[in-house]
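# After the sequence you'll find the predicted model.
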Amino acid sequence: MGRELEKGITKDGAGLAGTQWNILGQVYFPKASCDSSFAFETNSAPGQFVPVHIHPNQDEFILVQEGELQLKLDGVWSTAKAGDLVRMPRGIPHGYFNKSDKPTRALFWVSPAGRLEHLFESIHNLSDVEEIVKLSADHDVDFLPPSAND
C-alpha cells in the first residue's frame, strides 16, 4: 500500500515532524510527502546553488516565496522572482542559483514523489560532492558535467 497524504498544516519555518536538512549548506524543510508528490522548502544564501541536473521520472515546480533565483532551464538562463512559478518537466535539464545579494526562500515540489525525500535524508550534512552525485544517481537525479552550469 502506498503513502497517502496526511491532512494538516506544516508550520512556517518548520518541516514535517520537525525535520530539517543541511544540503550543501542550504536549509531544506520537507513540507508534504506522499506517493503522488513531495514538497520541500529551500533557503539559499547568496552564492548558493544546485547544479544542472535531470529528473527523468518527475515533473518539478518552484514557487519563489522571497528573493529571486536564476535558473538554467533546458540550456536557457532566466530569473524567477517572488510570486513566480517555475515549471520543469521531467527529462529537462535544470539548475537553480542564488546570484543575488539577498537570501532566497522557495517552495519546490515534485510529482510523483519518487525517491527524492530519501535522497535528501541520505545527503543531509554530506560535503563530498562526488558522493552526493553518486547517491543522487542512485535516487533518479542525474547531474550534468560542471560545464552545464556556465
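Perfect, thanks for sending it. From a predicted model like this one, the values you see are computed outputs, not experimental measurements. Residues are numbered from 1 along each chain as shown.
# any idea which element the residue nearest the centre of the chain lies in?
With distances taken as C-alpha atoms, centre = their mean, the residue of the chain nearest its centroid is residue 108 (5.8 Å). Element membership for residue 108 (DSSP states H and E) is strand 104-111.
# Which neighbours in the sheet does that strand have, and how are they oriented?
strand 38-44 (antiparallel), strand 59-66 (antiparallel) (DSSP bridges).
# Now render these as CSV, adding mean neighbour count, distance to residue 9 and mean pLDDT.
In short, each C-beta sits where N, CA and C put it, glycine included. Listed next are the strands paired with strand 104-111 as CSV, based on neighbours: other C-beta atoms under 10 Å; distance: least, C-beta to C-beta, whole Å; pLDDT from 0 to 100:
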stretch, mean neighbour count, distance to residue 9, mean pLDDT
strand 38-44, 22, 13, 98
strand 59-66, 17, 16, 98
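# could you redo those strands as a markdown table and give each row distance to residue 141?
Formatted as a markdown table, the strands paired with strand 104-111 follow (distance: least, C-beta to C-beta, whole Å):
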| stretch | distance to residue 141 |
| --- | --- |
| strand 38-44 | 12 |
| strand 59-66 | 10 |
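# wait, which of the ones you listed is closest to residue 128?
strand 38-44 (20.3 Å; C-beta to C-beta).
# quick revisit: residue 101 is nearest to which of the strands paired with strand 104-111?
strand 38-44 (12.3 Å).
# which residues are contacting the closest one?
15, 23, 26-33, 65, 67, 69, 96, 98, 103-110, 113-114, 116-117, 120 (C-beta atoms under 8 Å, 6 or more residues apart in numbering).
# Nice, that's everything, thank you.
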